[in-house]
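Q: build me a structure from this.
(one chain, ligands or ions: 2)
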Amino acid sequence: MHIVTTIAGSDSGGGAGIQADLKTFQELKVFGTSVITALTAQNTLGVSDVLPIEVSFVEKQLKALIEDFSISAVKTGMLFSSEIIQSIARILADVNIPLIVDPVMIAKGGESLLQQEAIVALCSYLLPLATIVTPNIPEAETLTGRKIKTFADIQDAAHTLLQMGVQCVIIKGGHLTDNDYAIDYVFFEDGQSFSMQSSRIATKNTHGTGCTFSAALTAFIGRGFSIKEAIVEAKKYIQLAITYDLSIGNGHGPTNHFAYQKYKESCEVIIHET
Ligand SMILES: Nc1ncnc2c1ncn2[C@@H]1O[C@H](COP(=O)(O)OP(=O)(O)OP(=O)(O)O)[C@@H](O)[C@H]1O
Ligand SMILES: Cc1ncc(CO)c(N)n1
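A: Ligands and ions are numbered 1, 2, ... in the order given. Predicted coordinates for the structure are as follows:
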């Protein structure tokens, strides 16, 4: 049994954060463990409050896992503060576990899940340890301090992130809504790159897409897939989860974490080597 860990915030609504991660891990047949960084009072309509967990307690959770389990991949999601980022980075720097960083910054409704001053800590302490980082376009803009409008801007942003010490950058195109396709761009430190294209689903039920994608990626990496295989399979997982969305809540509903196991043979993702 492969054991994986998510370090993230709790979403009481169950569609994003720790809850989305553990559901995805379970569906993808890995044993999920968790370190909770913050609680959110949240549903499909938005986040009404955030309660950060004390840094020392975040550390205790992570140390408890590392002491007892042989963890094959770790992901981070909502980290909230610079102090939490620094403390988990210190612990992760001493263990050699593949790390997937989803640089969560704001919820779909615009509420902040990461303090502004924590961006520097993310870039200086966590990204140098990351195997893969998965920003969406606004997150890539914030991390690099530059606007992204064209493919050349995407390439520039990816190279800036690779220079921070990340091994592989995935810039997700979910926010490029004027496109018939959902295209994600992948860049490796050795210069290789490719894009993944799937059909864009017209739905408002996209709560937790980023968390679910990075959790699937973590599960496949934890199972020993190559980085490229894990990325493509995670794209299929999120594509099916969005396609077969559930009608839950009155706002931006969650995705369907069950869909992949039933429909995985039917999912088409087109890869373009660039
Ligand atoms: N409408 C859609 N149809 C198909 N795929 C989509 C759609 N929206 C997002 N995706 C895909 O979902 C994955 C997550 O991308 P997205 O840009 O939505 O992440 P995110 O903004 O970080 O999510 P979150 O709001 O949970 O933080 C990517 O693979 C992206 O291409
Ligand atoms: C706890 C949490 N993490 C991440 C996101 C981003 O989807 C969210 N809405 N809530």
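Q: does Ile170 touch Ile132 like I think?
A: Yes. With contact defined as C-beta atoms under 8 Å, Ile170 reaches Ile132; the gap is 6.4 Å. Bear in mind the C-beta positions are built from the backbone N, C-alpha and C, glycine included.
Q: any stretches of the protein with poor pLDDT?
A: Within the chain, no range satisfies pLDDT under 70.
Q: touching, Tyr260 and Lys29? I think so.
A: No. Tyr260 lies out of contact with Lys29 (C-beta under 8 Å); the separation is 10.9 Å.
Q: on that earlier part again, shared neighbours, Ile170 and Ile132?
A: By C-beta atoms under 8 Å, 6 or more residues apart in numbering, Ile170 and Ile132 have these common neighbours: Ile231.
Q: since we're on Leu99, how many residues are nearby?
A: When neighbours are counted by other C-beta atoms under 10 Å, Leu99 registers 27.
Q: state the distance from it to Gln163.
A: 17 Å (C-beta to C-beta, to the nearest Å).
Q: please apply the same query to Ala121.
A: Distance of Ala121 to Gln163, given as C-beta to C-beta: 17 Å.
Q: now Leu92
A: Taking C-beta to C-beta, one finds Leu92 at 20 Å from Gln163.
Q: who has more neighbours, these two?
A: Ranked by neighbour count (other C-beta under 10 Å), Leu92 and Gln163 place Leu92 first, with 21 against 11.
Q: I'd say that one and Leu129 touch.
A: Yes. Contact between Leu92 and Leu129 holds when scored by C-beta under 8 Å: they sit 5.5 Å apart.
Q: what's the end-to-end length of stretch 95-111?
A: 33 Å (C-alpha to C-alpha, to the nearest Å).
Q: pull out the buried residues from that stretch.
A: 97-105, 107-108 (16 or more other C-beta atoms under 10 Å).
Q: tell me which of the residues you listed fall in strands.
A: When the buried residues of stretch 95-111 are checked against strands (DSSP state E), the matches are 99-101.
Q: name the nearest of these relative to ligand 2.
A: Nearest to ligand 2 out of those is Val101 (C-beta to the nearest ligand atom; 13.0 Å).
Q: how much space separates the closest one from Ala241?
A: From Val101 to Ala241 the distance is 21 Å (C-beta to C-beta).
Q: Tyr263 and Ala241 touch, don't they?
A: No. Using C-beta under 8 Å, Tyr263 is not in contact with Ala241, being 9.8 Å away.
Q: the two - which one has more neighbours?
A: Neighbour comparison, Tyr263 and Ala241: the larger count goes to Ala241, with 30 against 16 (by other C-beta under 10 Å).
Q: I'd guessed the more buried one sits against Gln261; true?
A: No. Assessed by C-beta under 8 Å, Ala241 is found out of contact with Gln261, at 10.9 Å.
Q: any part of the helix or strand where Val232 lies near ligand 2?
A: Using DSSP states H and E, Val232 sits in helix 227-243. No. Helix 227-243 lies out of reach of ligand 2 by C-beta under 6 Å from any ligand atom, never closer than 12.3 Å.
Q: stretch 162-180 now?
A: No. Stretch 162-180 does not reach ligand 2 (C-beta under 6 Å from any ligand atom); its nearest approach is 11.0 Å.
Q: where's the closest residue to Leu113 other than its chain neighbours, which helix or strand?
A: Spatial nearest neighbour of Leu113, chain neighbours left out: Met78 (4.5 Å); criterion: C-beta to C-beta, 6 or more residues apart in numbering. Assigned by DSSP H and E, Met78 belongs to neither a helix nor a strand.
Q: surely Met78 touches Gly9?
A: Yes. In this structure, Met78 is within contact of Gly9 by C-beta under 8 Å, at 3.4 Å.
Q: need the overlap of contacts for the two.
A: Joint contacts of Met78 and Gly9 (C-beta under 8 Å, 6+ apart) are 17, 37-38, 40, 104, 113.
Q: inside strands: which ones of those residues?
A: 37-38, 40.
Q: which of those residues sits closest to Phe69?
A: Thr37 (18.8 Å; C-beta to C-beta).
Q: contacting residues for the closest one?
A: Contacts of Thr37 by C-beta under 8 Å, 6+ apart are 7-9, 52-53, 58, 78-80, 84.
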